[in-house]
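>>> Pasted the sequence and its predicted model underneath.
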Amino acid sequence: MLEITNLSIHFNRYDRRMRQVRTETLHDVHLSIAAGEIVAVVGSSGSGKSLLAHAILGILPSNAQVTGGIQFKGESLTPERQKRIRGTEISLIPQSVQYLDPLMRVGEQVQQSVRQGDPVELQRKAFDKYNLADYVAKWFPFQLSGGMSRKVLVSTATVSGAKLLIADEPTPGLDVVAMKETLDRFRKLAEGGCAVMLITHDIEAAITVADKIAVLYAGTVVEIAHRSDFAGDGEMLRHPYSKALWRALPSQQFTAIPGSQPLPQALPKGCVFAPRCSSATKECEESPPELRKVRNGEVRCSHAT
């Protein structure tokens with residue numbers, strides 16, 4: 001359904017001395033999602049998760065330059081095609097509730113996303129699934145709680161009939177029951193033939209529903225693993241950062257590693273994780289590793305076995 005190859009994103013800006021600066025925020029990203037599959041994209045803040053979603057949808061700011069390829073249903077996703085199918089064949093559940101129109105009743109906003117069927121009936125069914133009362137449809141966004149706003153955003157995307165659904169942090173603000181219902185809904189959409197990209201900080205929630213986990217670090221996909229690899233001490237994982245991310249969870253070892261994720265304008269020459277990796281060698285510092293297949297997964301690490 002979706003195939004991303006060699007995707008890089010650069011931003012042109014001017015510094016305080018009015019000199020033009022070119023900053024690469026995503027580099028050499030490879031990722032694919034099949035129909036019926038959920039792929040979770042995880043990583044810390046600033047790793048490029050939302051930028052990846054916006055690149056697929058074609059909603060990056062004007063100073064962004066995109067290189068590489070994005071294919072949807074086997075055809076190149078050009079800017080013209082992105083504009084044509086955005087909201088119909090590809091739908092976004094945005095991270096910010098500010099995407100809701102403050103001047104329109106939320107029921108009408110959900111109804112506008114319906115492409116086939118009775119808009120009012122589909123909106124009612126969606127609200128019922130997420131335990132939103134009928135009268136909420138007449139409310140404006142400012143009357144909603146944070147959790148209710150996210151339920152409306154999820155409803156807007158799921159009634160659209162899109163074949164590729166990109167959910168950018170859809171669960172913050174939801175209680176445990178609502179979060180499970182939302183993730184189960186994604187699973188049902190996938191079982192119905194949709195491809196779902198789930199962008200999240202919550203690895204533990206992701207592995208309950210995703211088929212694969214793509215780990216993003218400093219704008220690079222460092223590993224793509226099956227969800228079953230996130231278990232035990234992380235011994236089935238291939239990349240040092242994936243293991244560190246897993247072991248840092250409170251339910252695991254709650255272990256931190258020294259250092260921090262580098263800023264886009266200060267990336268190291270070689271492997272982006274090398275400055276924080278206890279296994280880094282001279283080779284790691286000199287050139288970035290290629291994404292390669294290891295043990296039924298993919299990893300960007302020269303030493304992974």
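It's in.
>>> pLDDT below threshold where in the stretch 51-200 of the chain?
Counting by pLDDT under 70, the stretch 51-200 of the chain has low-confidence residues at 173.
>>> Run the chain-centre distance for stretch 135-147.
Relative to its chain's centre, stretch 135-147 lies at 26 Å (C-alpha atoms, centre = their mean, to the nearest Å).
>>> Hmm, residue 155 and residue 185 touching each other?
No: with contact defined as C-beta atoms under 8 Å, residue 185 does not count as touching residue 155 (9.6 Å). All C-beta spots, glycine's among them, are computed from the backbone N, C-alpha and C.
>>> Of these two, which one has the most company?
With neighbours defined as other C-beta atoms under 10 Å, residue 185 and residue 155 compare such that residue 155 has more, 28 against 21.
>>> list the contacts for that one?
Counting by C-beta atoms under 8 Å, 6 or more residues apart in numbering, residue 155 touches 110, 123, 126, 127, 129, 130, 132.
>>> one more time with 7 Å
By C-beta atoms under 7 Å, 6 or more residues apart in numbering, the contact set of residue 155 is 110, 126, 127, 130.
>>> Please report how far the closest residue to the second one other than its chain neighbours lies from residue 114.
So that's residue 126. Counting by C-beta to C-beta, 6 or more residues apart in numbering, residue 155 is the residue found nearest to residue 126 once chain neighbours are left out, at 3.8 Å. The spacing between residue 155 and residue 114, counted by C-beta to C-beta, to the nearest Å, is 10 Å.
>>> Now the residue nearest to the spatial centre of the chain. Its backbone dihedrals?
Closest to where the C-alpha atoms of the chain average out (C-alpha atoms, centre = their mean) is residue 199, at 2.7 Å. Residue 199 has phi and psi values of phi -90, psi 120 when expressed as degrees, to the nearest 10.
>>> so what's it bridging to?
Beta bridges link residue 199 to residue 41, residue 168, judged by DSSP bridges.
>>> My guess is it contacts residue 165. True?
No: at 11.1 Å, residue 199 does not count as touching residue 165 under the criterion of C-beta atoms under 7 Å.
>>> So which of the contacts of residue 155 belong to strands?
Among those, none falls in strands (DSSP state E).
>>> picking up where we left off before, secondary structure element holding the residue nearest to residue 126?
Assessed by DSSP states H and E, residue 155 sits inside helix 146-158.
>>> List the buried residues of that helix.
Of all the residues in helix 146-158, those buried under the rule 16 or more other C-beta atoms under 10 Å are 147, 148, 149, 150, 151, 152, 153, 154, 155, 156, 157, 158.
>>> Dump these to TSV, plus distance to residue 256.
Converted to TSV, the buried residues of helix 146-158 look like this (distance: C-beta to C-beta, whole Å):
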residue	distance to residue 256
147	30
148	35
149	33
150	29
151	34
152	36
153	33
154	33
155	38
156	38
157	35
158	37
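>>> Checking the residue nearest to residue 29 when sequence neighbours are not counted next. Helix, strand or coil?
Nearest residue to residue 29 in three dimensions, chain neighbours excluded: residue 7, at 4.1 Å (C-beta to C-beta, 6+ apart). At residue 7 the chain is in strand, as set by DSSP: H, G, I helix; E, B strand; the rest coil.
>>> Tell me how many other residues crowd residue 7.
21.
>>> residues touching it, list them.
By C-beta under 7 Å, 6+ apart, the residues touching residue 7 are 26, 29, 55, 68, 70.
>>> how close does residue 246 get to residue 178?
As judged by C-beta to C-beta, residue 246 and residue 178 stand 25 Å apart.
>>> tell me the contacts of residue 211?
37, 38, 39, 227.
>>> among those residues, who's most crowded?
When neighbours are counted by other C-beta under 10 Å, residue 38 leads the contacts of residue 211 with 26 neighbours.
>>> wait, that residue sits on residue 196?
Yes: counting by C-beta under 7 Å, residue 38 does reach residue 196; the two are 4.4 Å apart.
>>> Determine the residues that are contacts of both of these two.
186, 190.
>>> end-to-end on stretch 225-243?
Distance between the boundary residues of stretch 225-243 (C-alpha to C-alpha, to the nearest Å) amounts to 11 Å.
>>> What's the mean pLDDT across it?
Summarised as a single mean, pLDDT over stretch 225-243 is 95.
>>> Go through that stretch and flag the buried ones.
Using 16+ other C-beta under 10 Å as the test for burial, stretch 225-243 gives 225, 227, 229-230, 234, 236-243.
>>> Among the residues you listed, which ones are in helices?
Assigned to helices by DSSP state H, the following of the buried residues of stretch 225-243 qualify: 240, 241, 242, 243.
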